[in-house]
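> from the sequence below, what's the structure:
(chains A and B)
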Amino acid sequence: MDPAFISINNILDMMSALVKGFKQVLIHKNIIVYLFLIQLIFAGIVGSVIQKDLQMHLGQTIAGQVFESDFNYSVFMDMMRSIPDAFAISGKVFVIVFVINFILAIFLHAGCIQTLLHKQKQSMASFMSSAAKLFFPFLFFALFFLILFLIITGILFGPLAANSLPFVEWLESDRLFFYVLYVCLFIYFLLLSFITNWSINSRIHCARSQVSWWQSLKAGGLQTKKNYRALTAYFLLFSSLAFLGIWVNIKLDNLDTLVLTFILSLLILLGKIIIRLWNYSTLAVCSNAINKTV
Amino acid sequence: MFAYCKPTGNVQSDRVANYTMTVDLDHEHKTAFGMSQIVWHNPSPNPVSDLKFYMYLNAFKNMKSTWLKPTGGVVFDNPIARRGDDEWGHITIDSIGIANGEELTTKMYYVQDDGNIDDETVLYIPLDQAVQPGDSLVLNLTFTSKLPKTIARSGYGGNNFHLFVHWYPKLGVYEQDLEGNWDWNCIQFQQRTEFYGDFGNYDMTIRCDQSFTVGASGCMIEEGTIDREGETFKMTRYLAEDVIDFAWCVSPELEEYLDQWEDVDIRLLVGPDHCHMADRYMRAIKHSLQYFNDHLGKYPYPGITLMDPPFHSLRNGFMEYPTFATAGTVYRMPTWFRGSESLAIHEFAHQFFMGVLASNEKAEPWLDEGFVTYYEDRIMESLFPPDESQVSFLGFKYGNTALSRNEYARMNHEQINTAIARPGWEIRGDFKGIVYSKTATMLKTMEHYLGQEKMDEMMKRYFTNHKFTHPRRADFESLAVDYINQHVNAPLSSSLITFLTDCLDSSKTIDYQVTRVDGKTAQLKKVGELFLPVDIAITFADNTTSKVRWEKNTTTKELSFNKEIQSIHIDPESHCFIDLNMNNNSYKKEPTFFKRYLLKGISWTQHLFQSTTFLI
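Now for the predicted structure:
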């Protein structure tokens, strides 16, 4: 192992990038609000259609009242049996909203990354113009990394899922199967870390240098390779924080305080947006440092 | 010295068929060589001049057996048709004779009812001299049982795991049929049928490799070693009293856990990958013993062994044998999923329905599987919170009775015959839905109408009157009818009796519905031909309430009041649990606003959006 990896200087550099990155997010806190509100509106559409579907099928029944007080398996299964397309509208709306959100997210994140590179607060017009300018290169990045992600997931878990039972029988132990699974998950984590950082670095490079998406992709890959240990540590930190948010939300779901839980959920979701932007700006600081040293 | 549990010595059954066996296991060849002495008492008033033996392992001899032929070579998703010669199983009687010297080896031949001459699961032996009523026949035989690589239940798996179930030449049951004629009840082994046997004692000596742990029915009464041809083998002797069968397993990797409930020894054999389940299994078994003691009857044996096979031998799991049951789980089974406990309780409950109340599992599977499911649901819902006794994960949860009801309700009642009381081989379609879930839902519905106390009293009578016998439908039905007539007022009593008969013999269903509410009037409907009386609860606009009863078997009911109806609810306490759709049982004027799902929908959709866009 490279001793430099665990040197105090390296850790201090990483901490410094984190602090600088966080300060940078605070300068541009208005984009947190844009992202949060747009996401909330889309999720609100999905949530209200689900509510409408339930109201249509169970609204004027006492079973519905029971279902509203807590999830009830019998009510749910009776509904799904008697009305197989009970959630047909919700399903369609969800797919449409999901696709729109996906495309819009590419647009918004293009604006975010460009904005985060500036040390001064940017106007809404500037945000929109950056987002529009970078949309198509970022769309290519999104599709490229999505395909890469699917290939990695398929290669790592496809054979395991398709042959799990014969594999366990061959191993003569389900414990060993789980160990193999843990190893796969670890490899998956490293690969995900690499492609996520590669994706962010490519986008930062594209936003900064305004070259073709292909050149940025190569540059992003090189940067990620050069600094992969520190970037993996960042990925571990930021993904852990995001998962912590989900875990806390699951725990909150068990509480009976519906509105309070919802408010806390929104705070967690807001926190996850901040974490994401913090991740972008930290990597921007890092890549800037690399460029300077190179 | 008693190594594991102590035989009671009490005679609890007629002990018609008694086996003393010694088997040597050749684990290299997956074969047991056995010597058996069978003492059979003629229970009939007639001389018996022939014998019939079950030779179950021959079902796995090749693809031509009646059991395997219809499978098309795939059993439980396991392709088996092209397996090697050494992976098939078989059983042969190498020699057989009567203690008085009559040689029977040359006289025996296989018989088939279905015309499949390749099926060798029932062996017929004519006797020169008939066994007189009340007399005993002593048979001496040697046999060879070769295990298949597990297809279903019996077989071997990886790492020298062997499960010997339905593995020895076993006499059929000599009994009266429904017309009153005495004959052997010994039918070929087929798909969708299980087993049937007579009560007796099994004195069983097993000799195997020293490294193996042995688990078996009954009590281990002797343990030691035996030297033969320069090799030392493990020797264990088991005695199982008043049981209908004997099962055993060996494996070098099973770990043993012992505990007790009152005077019952509990032995748990678990593979090393599943040791984390030991406490959960033990808790489930102890709770079941207590529950049955409180609600049905005392477990009448001195011990129970639960064996959880290693995952590679999972196809050996999930089955019941007298005083020995097999479970199944996976490594690190999460605590929010209680399927393993539920299955262990199910297989344990068979000790009562199959083991002690030894009904014919082939001809009347509902009498064991259906009753067992009913008690499994009850026990699970007393061990865990009722609405999450099976699963509770991220707000999605369900209990056992709700699951059974759903398995019943989801069947296509118009397309398939869902009558419960039929032989296993006649049942087409969803076997589990009909035999297990419909029976359990029917019994739960009866419990709701009788009340749990009376239901328990009725079932206790059934258990006490018929334990250590072979009860049939008529035994349960007549007892239930008598009990209901004595303890339930008319007209509910006749409704309940008709309901029971209808469920057993027909596909009739019931679905109460509120069809229209118009100001002060309401129209109600009953779809389906089953009937049970129900209450109807009405709330009026001025917040006053009223209750009326749907007492007669009519298809519609119209209610008129002099006040505006705010809400109306047929069967508000869900007594009629077998109702196919309980959502349409009610109407309320003010629609519910589903705030819970709106808010959860909003927050979890955002999490989903964030998670699925992490790469962009």
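> could you report the neighbour count for A:Arg208?
A:Arg208 is flanked by 17 other residues according to other Cβ atoms under 10 Å in any protein chain shown. For glycine as for every other residue, the C-beta is placed from the backbone atoms N, C-alpha and C.
> which residue is nearest the centroid of chain B?
Central residue check for chain B by Cα atoms, centre = their mean: the C-alpha nearest the mean position is that of B:Glu369, 3.7 Å away.
> nearest to chain A: which residue in the stretch 1-150 of chain B?
When distances are taken as Cβ to the nearest Cβ, the stretch 1-150 of chain B approaches chain A most closely through B:Asp77, which lies 7.4 Å from it.
> who's in contact with that residue?
By Cβ atoms under 8 Å, 6 or more residues apart in numbering or on different chains, the contact set of B:Asp77 is A:Leu165.
> ramachandran angles for it?
As for B:Asp77, its main-chain torsions (degrees, to the nearest 10) stand at phi 60, psi 10.
> ok so, going back, confirm the residue nearest to the centre of chain B sits in a helix?
Yes. Counting by DSSP: H, G, I helix; E, B strand; the rest coil, B:Glu369 is found in a helix.
> enumerate every residue touching it.
Taking Cβ under 8 Å, 6+ apart as the contact definition, B:Glu369 lies against B:353, B:361, B:435-436, B:439.
> one more time with 6 Å
B:435-436 (Cβ atoms under 6 Å, 6 or more residues apart in numbering or on different chains).
> over to B:Ile420?
Taking Cβ under 6 Å, 6+ apart, one finds B:366, B:438-439, B:503-504 in contact with B:Ile420.
> what do you get if the cut-off is 8 Å, keeping everything else the same?
Neighbour list for B:Ile420: B:366, B:370, B:434-435, B:438-439, B:442, B:503-504 [criterion: Cβ under 8 Å, 6+ apart].
> what does B:Tyr109 give?
If you count contacts by Cβ under 8 Å, 6+ apart, B:Tyr109 has them with B:123-124.
> distance of it relative to B:Leu51?
For B:Tyr109, the distance to B:Leu51 (Cβ to Cβ, to the nearest Å) stands at 12 Å.
> and for these two, which residues touch both?
Going by Cβ under 8 Å, 6+ apart, residues that sit against B:Tyr109 and also against B:Leu51 are B:Tyr124.
> and B:Ile221, which helix or strand is it part of?
Using DSSP states H and E, the element containing B:Ile221 is strand B:219-228.
> helices and strands around that strand, which ones?
Helices and strands touching strand B:219-228, as assessed by 3 or more Cβ pairs under 8 Å, 6 or more residues apart in numbering or on different chains; DSSP states H and E, comprise strand B:231-243.
> tell me where the stretch 451-600 of chain B has helices.
For the stretch 451-600 of chain B, the helices identified by DSSP state H, counting those that start in this stretch occupy B:452-466, B:473-487, B:492-505, B:595-612, in order along the chain.
> who's in contact with the third one?
The one in question is helix B:492-505. Judged by Cβ under 8 Å, 6+ apart, the contacts made with helix B:492-505 from elsewhere in the structure are B:366, B:419-421, B:438, B:442, B:445-446, B:449-450, B:473, B:477, B:480-481, B:484-485, B:488, B:508, B:529-533, B:553, B:578.
> which regions of the chain lie under the pLDDT threshold?
No chain specified, so I'll use chain A. Counting by pLDDT under 70, chain A has low-confidence residues at A:1-6, A:289-294.
> I was after chain B.
For chain B, applying pLDDT under 70 flags the ranges B:1-3.
> tilt between the longest helix anywhere in chain A and helix B:595-612?
In chain A, assigned by DSSP state H, the helix with the most residues is helix A:124-162. In terms of direction (axes from the mean of the first three to the mean of the last three Cα atoms, to 10 degrees), helix A:124-162 departs from helix B:595-612 by 90 degrees.
> just checking, next helix/strand downstream of helix A:124-162?
helix A:164-171.
> show me what whatever helix or strand comes next after that following helix is packed against.
Stepping forward along the backbone from helix A:164-171, the first helix or strand reached (DSSP H and E) is helix A:174-209. Judged by 3+ Cβ pairs under 8 Å, 6+ apart, the packing partners of helix A:174-209 are helix A:88-116, helix A:124-162, helix A:164-171, helix A:213-226, helix A:228-253, helix A:258-293.
> now which of the contacts of helix B:492-505 would you call buried?
In the contacts of helix B:492-505, burial by neighbour count holds for B:366, B:419-421, B:438, B:442, B:445-446, B:449-450, B:473, B:480-481, B:484, B:488, B:508, B:530-533, B:578, counting by 16 or more other Cβ atoms under 10 Å in any protein chain shown.
> in which helix or strand does B:Asp94 reside?
Taking DSSP H and E as the criterion, the element that holds B:Asp94 is strand B:90-98.
> count of neighbours near residue 219?
Using chain A here. A:Ala219 has 20 neighbours, counted by other Cβ under 10 Å.
> please refer instead to chain B.
With neighbours defined by other Cβ under 10 Å, the count for B:Cys219 comes to 24.
> my guess is it meets B:Leu239, correct?
Yes. In this structure B:Cys219 lies within contact range of B:Leu239 using Cβ atoms under 8 Å: 5.6 Å.
> please identify every residue contacting each of these two.
The contact sets of B:Cys219 and B:Leu239 overlap at B:Pro7 (Cβ under 8 Å, 6+ apart).
> with just CA atoms, put stretch B:105-121 into CSV.
In CSV, the C-alpha atoms belonging to stretch B:105-121 read as follows (Å, rounded to 0.1, in the frame of the first residue of the first chain):
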residue,chain,number,x,y,z
THR,B,105,-39.5,-64.4,-0.8
THR,B,106,-40.5,-66.2,-4.0
LYS,B,107,-44.2,-65.4,-3.6
MET,B,108,-44.0,-61.6,-3.4
TYR,B,109,-44.8,-59.3,-6.4
TYR,B,110,-45.7,-55.7,-7.0
VAL,B,111,-49.2,-54.7,-7.6
GLN,B,112,-50.7,-51.6,-9.2
ASP,B,113,-54.2,-50.1,-9.2
ASP,B,114,-53.5,-47.6,-11.9
GLY,B,115,-52.2,-50.1,-14.6
ASN,B,116,-48.7,-48.7,-14.4
ILE,B,117,-46.7,-52.0,-14.3
ASP,B,118,-43.5,-50.1,-13.8
ASP,B,119,-44.6,-48.8,-10.4
GLU,B,120,-43.2,-50.8,-7.5
THR,B,121,-44.4,-48.9,-4.5
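> what comes up buried for stretch B:152-169?
Residues of stretch B:152-169 classed as buried under the neighbour-count rule (16+ other Cβ under 10 Å) are B:152-158, B:160-169.
> in strands, which of those fall?
Restricting the buried residues of stretch B:152-169 to those inside strands, with DSSP state E as the criterion, leaves B:155-156, B:162-164.
> which ones, among these, also lie beside chain A?
With the criterion set as Cβ under 8 Å from any Cβ of the partner chain, no member of these is near chain A.
> okay if I get these as CSV plus distance to A:Val99?
Output for these, formatted as CSV (distance: Cβ to Cβ, whole Å):
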residue, distance to A:Val99
B:Gly155, 51
B:Tyr156, 53
B:His162, 56
B:Leu163, 53
B:Phe164, 58
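> can I see the domain layout of chain B?
Domain assignment for chain B, taken from automatic domain parsing, gives B:17-198, B:369-505, B:511-588.
> quick one: which of these is nearest A:Gly220?
Among these, the nearest to A:Gly220 by Cβ to Cβ is domain B:369-505 (36.1 Å).
> in the stretch 351-500 of chain B, what residue is nearest chain A?
Using Cβ to the nearest Cβ, the closest approach of the stretch 351-500 of chain B to chain A is made by B:Tyr398 at 3.6 Å.
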